[in-house]
Structure formats: structure tokens, C-alpha cells
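# generate coordinates for the sequence data below:
(chains A and B)
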Amino acid sequence: MGAVVRTEGLTKTYGKARGIEDVDLGVEEGEVFGFLGPNGAGKTTAIRTLLGFMRPTAGRAEVLGWDVWRQSVEVRASVGNLPTEFTLEDRMTGEQLIRFFARLRGVESLDHAYELAGRLGADLERPMRRLSRGNKQKIGLIQAMFHRPPLLVLDEPTGGLDPLVQEEFLGIIREVREEGRTVFFSSHNLPEVERICDRVGIIREGKLVAVETTDALVNKSFRHMSLIFARPVDPEPFECLGGVEGLRRDGQELSFRLHGDLDEVVKLAAGHRVVDLRYERPSLEEIFLAYYGGEERGEAS
Amino acid sequence: MSTGQTEPRTRRTREKPRGTLAALTLHTLRLQRRSVLIWGSVLGAFSLLALVAFPAFQDQPQINELVESYPPELRELFGIGSGTDLTTIEGFLQSQVFAFIAPLALSFFPILAAAGAIAGAEERGTLDVLLGNPVPRWQLVAASSAATAVSLLGILAVLWLLTWVPAVLLDIDLAPGTAAGAVLNLWPLCLFFGGLAMLCSAVFHRRVLAVAIPGAVLVAMYFVDSLGSLVEAFESVQPLSVFYHYGSAIEDGIDPASFAGVSGAAVVLVALAALVFSRRDIYT
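Numbering: from 1, shown residues only, chains lettered A, B, ... in the order given. Coordinates of the predicted model:
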């Protein structure tokens, strides 16, 4: 397995405005890599730099061993790209567009395009101006995937798709991974990222603040914990434990976020009669918000 | 950066495809098909109106005396140079169609096409998907310019048809070669402004600037040439105007040197546009 995407100190600024700063990133072959961050964090700037749309201000980036600026045609020959905001020629039908893109890529068979259209329920016969946003998004996905590229770069790919089509799309992404191809996946839909991505990178204010496997990111983070006792207990000893945050008492129930070791909490609770216990991992969304709220700044840096 | 960590490219990357320039050119031509018919028909209709009106002028030599009495600045501005004989079909069409309306109006076809090819596509969001394909940026400029040049020839062919055929039907003595020379002489002039618009489209990220700047240059060059022989201040800069090299092909035939020179200037502008576009960022 080798790196499909590799950046070192990648920086892109627009005059005095921030884009991305000193980004070191490696995406391995055969993985689905989630790229997370709110609007303006630098996700799209990073993607556009990787595709050679923008020249790096500093640092270097390679995709499949090609320099993203000097060899951007070679990069784009091997990448299927879905931009976050795009428009397709109004007067052309989906089939006409896909045929045109196939000519640009030297692809002769459109069999996979028809297969994808069938699975996503895309209408290839109507001109773009008569398609809804969701149906245009399907054509966008097909043009990114029909040539079976070694690397797929998808920026907010499920925007506008209904839940059933989203499910089908995630199934297609799993198949892409099983074929050993790589997916660079930017999304706001965190449950979706949690389901599909092997690793996740979080970008904040232009800087890559964390790269973890999705499981590790979730596992090393805090837990939601609820303890229900037979009778009300004094919360103070629990509050004094290291790693307990946001403790609330509601009758016989104590609930809090636990950042530290579970052992001390269990031992302290064992001094009382425990009726029920809930110990839940947070959603990726909560972890993401924690990064942005600065609660895990120590881990992030 | 170490490339030792990456696998050999040949195992998983794709070769650059061939034939992208032709595919892009054909794609642009296809998108311009309808415009060719519309532009050709509108200009042709204007030429047709002039032909229908001509019989009323051809037997009245005093019309030349009347026009000669106008202020020369006014005559030049409307493309009626001294010596233009309005009682001949060549002089009449030159003054009514080919000196003023046709070059000023038709130049906006390549201006609009070039402005839409880069800055317009960038604003609309079509450029991201198109350049997501393995297309060198210079090819986008070259293909768009080549397709526009061919489409312009299509418009000129329609204009020629709607000029010569009605002349035959109205029994007006207009040689097909003379009409062809008149319409073909528009080609390099219009391409020059298309090339300028392509350069503006490559430099700026806004379509409005890629239309407005060449449009303003077009009008300025027309004034400089029209008034150059009458206003001393414009005399020295008159050769810088492409209208100075345009002449009157319907009366004097095409000047090959001017035709080649203006065409060459258009090619230089397109080459500059390709160079600039290859080096700049593309925004959303």
C-alpha cells in the first residue's frame, strides 16, 4: 500500500486572506478518507489545490506521485472529481455530457455510467435545465465515477440526494474501496462520514488539527455516562474525579461526560446501589464540535 | 518530498488521453450552433433591408451631393468615406452594412464567446467540472478560440447567402466574389476583438470585464479611425486601430497584408490568454 495523496507544508493564501496553512497529509491507497471542517475552514481550498486549480503558495503536494501543479493533467487523468458547487451545461442531457467527458478521458465504454445511472436513479435523457438539484447531483456523481478512477475526490457528494439514494451511493463507495481504489471524501454529514470513512482529517482555520482512524477518533474521545442509583447520591465526589465534566443530577440519576479513566468512576459508584448504567460513545458530530469548541485542544495540537 | 513511499505510477495511474483538443473544439462548436444561425440571420436581414432599399438610391446621383454636404466628421462616423458612391451597390452596402453596423455588431459574437469560455464558465461553475477532466488549460483557450473562429465563418456564410441571393433575386448586379470579399474581411477584425476578450477572460475572473473592456476598445478604435483623418490628435494613433487596416473590401477587395496582420494579432492575443490562464488560480 502506498500514499495516493501526500502533502508537505502545503499552504495556499489569497493575498492576506487565509486558505490553508502548513498542511501535512497522507492518504493511503484503498482507504476512504473523510475530510471534515465547517464552511471556510479550508476544505475546498485544499481540494482545489490538490486538483491543480490553484497554485500552492508554499509546500508541496503529490497525487499518485504526480506534482499537483506542474503535472495537474496527469493528476486529473487519474482522479474523478465532484466539486462542491458545480453547474452542467444547461442544454445538454446527462448522456451527452457523459459522452463528452468520455471522449476527453479516452473512455470507450459507457457501460459503467449506465450501471451507475440505474443504481442512482439518474435521468440521462433530459437536459440539465429540466433537472432538480438532486438529479443534477446524480449526473455529477456519475461523471466523477464512470471511468473508474484510482482516486475519487468528492466534495459534499450527498447534497440534495434523498435518503434511499444516499444509501445506494454509500454502497457504491464501499465497492470502490473493495476494489482497492481510494476515496477522498469531504462532507458535512458526519454520521455518513462515521459510517463510511476509514480515517478522518479535521481542518480548522486552514490547519489540519487531527488525523485519526474514525474508530480511534471516536474511541479516544469522551463518553456519555449515566448512573442511576437506588436513592439520590451526593454528586460532589464524582465531580472531584479527574475527567468528569458537565455533571448533572436528576433525582437518582447522575449524568456527565467522562474524559478520563472509567475505573475510578466504577469504584466510586460501587459504594452505592447502582440500578442502571449507560456508557455511550459520542457521535462523530459531537467530537467534531468538541474540536471546534476547543474542548480537545490539547489532543488536537 | 520523497517519492519512495509511493508505488510506481504505471501501476495505478492513467495515461494522458489524446484527442482532447478536437473533442473540446467540437463540443464548443456544438454549443455555438444556434448562435451561428441567429447572428447570421439578424445581420443577413439587415443586409437584405439595405438591398431592398438600394433601387431607390441607384438612379439618384444627387444623393452623393447631398451626403457630401454633411460635415465630414458625421460622414466618417457612419462609414461614408469621401469618394464612396452610394449609387453603386458596393458603395451602398459598404456604407449601410460593412463599414459600421456589421463590424461593430459582429465583433460582439467572439467577445461574448471568449468572455464566457473562461471567466463566464468560472462564474457559472461549469469550469470546475470541465477542468476536472485531463484537459490542459491552453487547450481550453485554443479550442474555444478555434471553434469561435469557425462559427464566425458560419455566420459570415449565412450573411453572404442573405446578401448575394437576394441581390440576384432583385436583379442587382453584385458579383458573388465581391460579396464574399466583403463578408470575409470582417473575420480578422472580429477575431482580433475575440482575442482581446479571451485575454481579458484569462486575466480577470469576471465575465463583465471580459465583455466591457474589449467593447470599450472596439468603440474607441472605431472613433480613432473614423476621425483620424480629420482630427489631428488622432492622426498619429490611427494605424493602431484595427479599423484602419479594415478598409473597404467590397469596393477595393481584401488587402492580404492587413488581413494577415490583423489575424496574426488575434493569434498573439489568444496565445497570451493561454499563457496567462495556465498560470493563474481558478476560483469558484
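# per-residue pLDDT, the residue in the stretch 1-150 of chain B positioned nearest to chain A?
Closest residue of the stretch 1-150 of chain B to chain A, CB to the nearest CB: B:P17 (3.3 Å). (Each C-beta comes from the backbone N, C-alpha and C, glycine too.) B:P17 carries a pLDDT value of 80.
# which residues does it contact?
A:77, A:104-106, B:134 (CB atoms under 8 Å, 6 or more residues apart in numbering or on different chains).
# in these, find the pair that's most separated.
Longest distance between any two of those is 9.7 Å, between A:A77 and A:L104; criterion CB to CB.
# hey, what's in contact with both of those two?
Common neighbours of A:A77 and A:L104 (CB under 8 Å, 6+ apart) are B:17, B:134.
# now do the buried residues in the helix or strand hosting B:W187.
Under the criterion DSSP states H and E, the helix or strand holding B:W187 is helix B:186-203. Buried residues in helix B:186-203, defined by neighbour count with 16 or more other CB atoms under 10 Å in any protein chain shown: B:186-203.
# got it, and stretch A:79-87?
In stretch A:79-87, counting by 16+ other CB under 10 Å, buried: A:79-84, A:86-87.
# how about A:A77, nearest residue that isn't a chain neighbour?
B:P134 (3.8 Å; CB to CB, 6 or more residues apart in numbering or on different chains).
# now do B:G261
That would be B:H245: by CB to CB, 6+ apart, it lies 6.3 Å from B:G261.
# just the residues contacting stretch A:210-218, thanks.
A:25, A:34, A:193-194, A:197-202, A:220, A:281-282, A:284, A:287, A:291, A:299-300.
# now that stretch - C-alpha only, PDB.
C-alpha atoms of stretch A:210-218 as PDB (Å, rounded to 0.1, in the frame of the first residue of the first chain):
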ATOM      1  CA  ALA A 210      -6.300  15.900  13.700                       C
ATOM      2  CA  VAL A 211      -5.900  12.800  11.500                       C
ATOM      3  CA  GLU A 212      -7.100   9.600  13.100                       C
ATOM      4  CA  THR A 213      -8.800   6.400  12.200                       C
ATOM      5  CA  THR A 214     -12.500   7.000  12.600                       C
ATOM      6  CA  ASP A 215     -12.700   4.400  15.300                       C
ATOM      7  CA  ALA A 216      -9.700   5.800  17.200                       C
ATOM      8  CA  LEU A 217     -11.100   9.300  17.000                       C
ATOM      9  CA  VAL A 218     -14.300   8.200  18.500                       C
END
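# let me see the ranges of the helices in chain A.
Counting by DSSP state H, chain A has helices at residues A:43-50, A:72-77, A:94-105, A:111-120, A:133-145, A:163-178, A:190-196, A:214-219, A:236-239, A:262-269, A:284-293, A:297-300.
# just the buried ones from the contacts of stretch A:210-218, in PyMOL syntax?
Restricted to buried positions by 16+ other CB under 10 Å, the PyMOL selection for the contacts of stretch A:210-218 reads:
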select buried, chain A and resi 25+34+193+194+197+198+199+200+201+202+282+284+287+291+300
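# so how far is B:A23 from the residue of the stretch 1-150 of chain B closest to chain A?
9 Å (CB to CB, to the nearest Å).
# do the same with B:N185
32 Å.
# and stretch A:127-135, does that touch chain B?
No: Stretch A:127-135 stays clear of chain B (CB under 8 Å from any CB of the partner chain), getting no nearer than 10.0 Å.
# other residues contacting that stretch?
A:88-94, A:97, A:122-123, A:136, A:139, A:159-162, A:165.
# buried ones in that stretch?
A:128, A:131, A:134-135.
# equivalent analysis for stretch B:274-284, please.
Those would be B:274, B:276-277, B:280, B:282, for stretch B:274-284 by 16+ other CB under 10 Å.
# how far does it stretch from start to finish?
19 Å (CA to CA, to the nearest Å).
# before we move on, what about stretch A:222-237?
19 Å.
# chain center to that stretch: distance?
35 Å (CA atoms, centre = their mean, to the nearest Å).
# can you pull the buried residues of that stretch?
Neighbour-count burial for stretch A:222-237, with 16+ other CB under 10 Å as criterion, is recorded at A:222-225, A:227, A:229, A:233.
# one more: stretch A:141-151?
For stretch A:141-151, by 16+ other CB under 10 Å, it's A:141-147, A:149-151.
# ok, the residue in the stretch 1-150 of chain A that chain B sits nearest to to A:D67 distance?
Residue nearest to chain B within the stretch 1-150 of chain A (CB to the nearest CB): A:G106, separated by 3.3 Å. Distance from A:G106 to A:D67, counting by CB to CB: 22 Å.
# can you check B:E123 too?
29 Å.
# and B:T87, by the same measure?
For B:T87 relative to A:D67 (CB to CB), the value is 68 Å.
# quick check: the farthest pair among the buried residues of stretch A:127-135?
A:M128 and A:G134 (12.8 Å).
# check contacts around the residue nearest the centre of chain B.
Among the residues of chain B, B:C190 comes closest to the average C-alpha position under CA atoms, centre = their mean, at 1.7 Å. The contact partners of B:C190, taken as CB under 8 Å, 6+ apart, are B:103, B:106-107, B:109-110, B:152.
# and the pLDDT for it?
97.
# and if you look at B:Q96?
88.
# ok, now which ones touch it?
B:50, B:53.
# before we move on, what about B:V135?
B:V135 neighbours (CB under 8 Å, 6+ apart): A:73, A:76, A:104, B:20, B:24.
# ok, now with 6 Å
For B:V135, the contact set (CB atoms under 6 Å, 6 or more residues apart in numbering or on different chains) comprises A:104, B:20.
# also the one 3 residues further on?
Listed by CB under 6 Å, 6+ apart, the contact set of B:W138 reads B:274, B:278.
# tell me if I am right that it is in a helix.
Yes: counting by DSSP: H, G, I helix; E, B strand; the rest coil, B:W138 is found in a helix.
# what about it, distance to B:L24?
Relative to B:L24, and taking CB to CB, B:W138 is found at 11 Å.
# test my guess that B:Q58 contacts B:L86.
No: taking contacts as CB atoms under 6 Å, B:Q58 lies outside contact range of B:L86: 8.5 Å.
# neighbour count winner among those two?
B:L86 (20 against 16; other CB atoms under 10 Å in any protein chain shown).
# what about that one, helix or strand, and which?
For B:L86, there is no helix or strand it lies in under DSSP H and E.
# ok, B:A180 - contacts?
By CB under 6 Å, 6+ apart, the contact list for B:A180 reads B:W160.
# phi, psi for it please.
With angles defined as degrees, to the nearest 10, B:A180 sits at phi -60, psi -40.
# that one and chain A, how far apart?
32 Å (CB to the nearest CB, to the nearest Å).
# what about the helix or strand hosting B:V262, average pLDDT?
Using DSSP H and E, B:V262 sits within helix B:256-279. Mean pLDDT, computed over helix B:256-279, is 97.
# quick check: buried residues in the helix or strand encompassing B:A182?
Using DSSP H and E, B:A182 maps to helix B:176-184. For helix B:176-184, burial by neighbour count (16+ other CB under 10 Å) applies to B:178-184.
# alpha carbons of that helix, as PDB, please.
The C-alpha trace of helix B:176-184 is given here as PDB (Å, rounded to 0.1, in the frame of the first residue of the first chain):
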ATOM      1  CA  PRO B 176     -20.600  36.700 -55.600                       C
ATOM      2  CA  GLY B 177     -16.800  37.100 -55.200                       C
ATOM      3  CA  THR B 178     -17.300  40.800 -54.300                       C
ATOM      4  CA  ALA B 179     -19.900  39.900 -51.600                       C
ATOM      5  CA  ALA B 180     -17.700  37.100 -50.300                       C
ATOM      6  CA  GLY B 181     -14.700  39.500 -50.000                       C
ATOM      7  CA  ALA B 182     -16.900  42.000 -48.100                       C
ATOM      8  CA  VAL B 183     -18.100  39.400 -45.500                       C
ATOM      9  CA  LEU B 184     -14.700  37.600 -45.200                       C
END
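# separation between the closest residue to A:E264 other than its chain neighbours and chain B?
Once flanking residues are discounted, A:E264 sits nearest to A:L241: 5.4 Å by CB to CB, 6+ apart. Separation of A:L241 from chain B (CB to the nearest CB) stands at 44 Å.
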